[in-house]
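Please find the sequence and the predicted model below.
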Amino acid sequence: MAKTHTRFVCQECGRAAASYMGKCPQCGSFNSMMEEVVHEEPFAKGAGNLRGLSGRSQPHPISEVGGDVEDRVHLPIGEFARVLGGGIVLGSIVLIGGDPGIGKSTLMLQMAMEMANTQRVLYVSGEESERQIKMRALRLLAAHDKKELPKNLLLVTETNLEVILNHVRDSKPDLLIVDSIQTIYLSNMDSSAGSVSQVRECASQLRELAKSSGISVFMIGHVTKDGAIAGPRVLEHIVDTVLYLEGDRFQAYRLLRSVKNRFGATAEVGVFEMREGGLVEVTNPSEAFLAERLINAAGSAIAVTMEGTRPILVEIQGLTSPTQFGNARRTPNGVDFNRLLLISAVLTRRVGLKLAEHDVFVNVVGGIQIDEPAADLAIAAAIASSWKDMPVRAEAVLIGEIGLAGELRMPGQMAARLREAQKLGFKTAIVPKAIRKGEDYPRGIEIIEVRSLDQALDAALKRDGDVTRGKKSA
């Protein structure tokens, strides 16, 4: 006879406890311990009680295992295929997360409509009715001047996983899309949909389905207020690929970022633009981010950041203003706050800019988030340009990491960054002086090598032969 007992499980990290606690001792979240009833079935020996991907598994020598290169299905959406590593791998399971309203369901429906031209697709929604999904599909068709809906795209609204698996068994799709994993539940578990145990068990069964049948599974996941995918951390370990759809709701651009990929490069990024007809690929994001740039404006500098294997040119704007309060503010948008504090301190101590009396604002145009330190030099140049009220050279890009002593350090993949800058028409690149020449720089672009931040600002802000070092003119 099954034994029943009650436990309390944290909905943030999955820690289980015998009694209720107001604060989870593992992740520190408050009021996240939810009560769950557990039915422990007695263990019975026998082959019928064993679980596995295929029921009967046999070891094979690795030399005899087929599939030297994983089979990939062509995905017509180029930016999506780039993030996945070149296409959809058969039997893979992909998790896509993002803020509410960012475009996750729209992107999945666009992919389903494209893939339905060559494959059979089953779209399972636990949040929207079939009529709502069709209305969105008709809107996407009208935007692309198409009239016919694909017949191989099957829609169903269902939240019971057992029923979903029956639909999969009957329809035999090549691609399964679940929107979303937090709305799916198993009827033999007493916990509610979206709980740690439900999400973990449902994802495990979908993984078994993908690996045993070869069906590619895409799951949409909700995110917490901190931006992480809701549910247990083990959910990201279960799947093969984890993608995040990022962007500002007030900006048109969306970034599809890969943070885990067993079949391709991690940290790869695809760029989309949200329009009335859905998400449109941006094949040249650097040109798009610099389209509205104001030439020879003080406080503007161009950085070359690497998003995965792709170099992207972005405009960084800086503004300094005399503070009206006792403590000067540092306000970043698109860059790390602590990184801005470090750069401001180096500019004050090593270059002589009196930023302690000024509020400093830094903004990355386009809503993109820059995490790598290679943009330090462009941030410092934008701040110094605003403080001196002198524009940065319009044809120059700035690449380099800043140290606490005011020295510049060489970032990786410099040749790829310079080739992207040259392709967009930039004539000059201000970079750290390389001690070891490991890469061949492209020809046709002037490279100014400097050792310190002071020298870099002299080269970037130089105008009509004047040396800009010194105090701000009155």
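Alright, I've got the coordinates.

Am I right that V163 sits in a helix?
Yes - looking at V163 with DSSP: H, G, I helix; E, B strand; the rest coil, it is inside a helix.

Make 45 the first number, not 1, from now on.
Sure, I'll start counting at 45 from here, so that last one is V207.

For it, grab the count of nearby residues.
When neighbours are defined as other Cβ atoms under 10 Å, V207 has 13 of them. Yep, even glycine has a C-beta here, placed from its N, CA and C like the rest.

Same check on K190?
Other residues lying near K190 total 12 when counted by other Cβ under 10 Å.

Over to the one 4 residues further on?
P194 has 19 neighbours, counted by other Cβ under 10 Å.

Contact partners for the nearest residue in space to it that is not next to it in sequence?
Leaving aside its sequence neighbours, P194 sits nearest to A160 (Cβ to Cβ, 6 or more residues apart in numbering; 3.5 Å). The contact partners of A160, by Cβ atoms under 8 Å, 6 or more residues apart in numbering, come to 194-197.

and of those, the nearest to V127?
For V127, the nearest member of those is L197. The distance, counting by Cβ to Cβ, is 22.1 Å.

Farthest pair within the contacts of A160?
Pairwise distances across these peak at 7.3 Å for K195 and L197 (criterion: Cβ to Cβ).

Which one's more surrounded, those two?
For K195 versus L197, neighbours defined as other Cβ under 10 Å are more numerous around L197 (24 against 9).

Now the lowest-mean-pLDDT helix or strand in the chain: buried residues?
None of the helices or strands of the chain scores lower by mean pLDDT, DSSP states H and E than strand 77-84, at a mean of 74. Within strand 77-84, the residues that count as buried by 16 or more other Cβ atoms under 10 Å are 77-78, 80, 82.

What of stretch 341-352?
Applying 16+ other Cβ under 10 Å to stretch 341-352 flags 342-352 as buried.

ok, now stretch 252-271?
Buried, per 16+ other Cβ under 10 Å, within stretch 252-271: 252-255, 257, 259-267.

ok, of those residues, which one's closest to I492?
Comparing the buried residues of stretch 252-271 against I492 with Cβ to Cβ places V267 closest, at 42.8 Å.

Now do the contacts for that closest one.
Neighbouring residues of V267 by Cβ under 8 Å, 6+ apart: 141-143, 273-274.

hey, where'd the strands end up in the stretch 145-294 of the chain?
Counting by DSSP state E, counting those that start in this stretch, the stretch 145-294 of the chain has strands at residues 165-169, 197-201, 219-223, 260-265, 285-290.

which other residues reach stretch 144-155?
So stretch 144-155 is contacted by 119, 121, 124, 140-142, 167, 169, 171-172, 177, 180-181, 184, 221, 223, 262, 264, 266, 289-291, 293, 298, 300, 316, 318, 322-323 (Cβ under 8 Å, 6+ apart).

domains for the chain, by residue range?
47-86, 115-327, 332-505 (automatic domain parsing).

Good, we can wrap up now.
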